[in-house]
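**Student:** show me how the following folds:
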Amino acid sequence: MWKRLFQTDADPSALVLRTVLGVVMLPHGAQKLLGWFGGPGLDGTLTYFHDALGIPPVLTLAVIAFEFFGGLALLLGLGSRIAAVGIAAIMIVAAVKVHLPNGFFMDWSGTLPGEGFEYHLLALAIAIAVFVKGSGLGSLDRRLVGMGDR
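**Tutor:** Numbering: from 1, shown residues only. Take a look at the predicted model:
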């Protein structure tokens, strides 16, 4: 079972998908965990998720872990399917719980009550593709199961 979870072919499109998702998710996780890029850091994230969204700390820690460490895993191509499942779950919950009432579009003009769910839909689609395709070319998953990049 574990081998099937990490097995992947040398598909360059899987490399592109997992890299883009990792590049997008890692900074979001860094905002929540480390306070980088203007983020609230761990304490601020735990407080906001609990007080404003009603999300318990254990689930908030899972969100932070999947965004930060999952983003890093995607960039390395190590356990990309696992990271993709966690990120997909985060995108679904964020879209439904927070962004759905704001409509589809992001707030480019700063005049809407909040951001829509278009970003979450794109990230969800990429996460599903990574789950289906695996890590692809140049991944540690390929090395882990002894496939290399042949």
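
**Student:** how about the helices in this protein?
**Tutor:** In the chain, helices defined by DSSP state H lie at 2-6, 12-34, 41-51, 57-76, 80-94, 118-133, 140-144, listed in chain order.

**Student:** what's the most buried one of the ones you listed?
**Tutor:** Compared across these, helix 80-94 shows the largest average neighbour count, a mean of 22 (mean count of other CB atoms under 10 Å). Any C-beta I mention is one placed from the backbone N, CA and C, and that applies to glycine too.

**Student:** show the average pLDDT along that one.
**Tutor:** Taken as a whole, helix 80-94 carries a mean pLDDT of 98.

**Student:** which residues does it contact?
**Tutor:** Helix 80-94 is contacted by residues 5-6, 8, 18, 21-22, 25, 62-63, 65-67, 69-71, 73-74, 117, 120-121, 123-124, 127-128, 130-131, 134-135, 139, 141 when judged by CB atoms under 8 Å, 6 or more residues apart in numbering.

**Student:** swap the cut-off to 7 Å and go again
**Tutor:** For helix 80-94, contacts defined as CB atoms under 7 Å, 6 or more residues apart in numbering pick out 5, 18, 21, 25, 63, 66-67, 70, 73-74, 120, 123-124, 127-128, 130-131, 134-135, 139, 141.

**Student:** go on, stretch 46-53?
**Tutor:** P40, I55, P56, P57, T60, K97, V98.

**Student:** mark which of those residues are buried, thanks.
**Tutor:** Taking 16 or more other CB atoms under 10 Å as the criterion, what is buried in the contacts of stretch 46-53 is I55, T60.

**Student:** distance to R81 and pLDDT added to the contacts of stretch 46-53, as a markdown table?
**Tutor:** Converted to a markdown table, the contacts of stretch 46-53 look like this (distance: CB to CB, whole Å; pLDDT from 0 to 100):
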| residue | distance to R81 | pLDDT |
| --- | --- | --- |
| P40 | 29 | 98 |
| I55 | 24 | 96 |
| P56 | 26 | 97 |
| P57 | 26 | 98 |
| T60 | 23 | 98 |
| K97 | 24 | 92 |
| V98 | 26 | 92 |
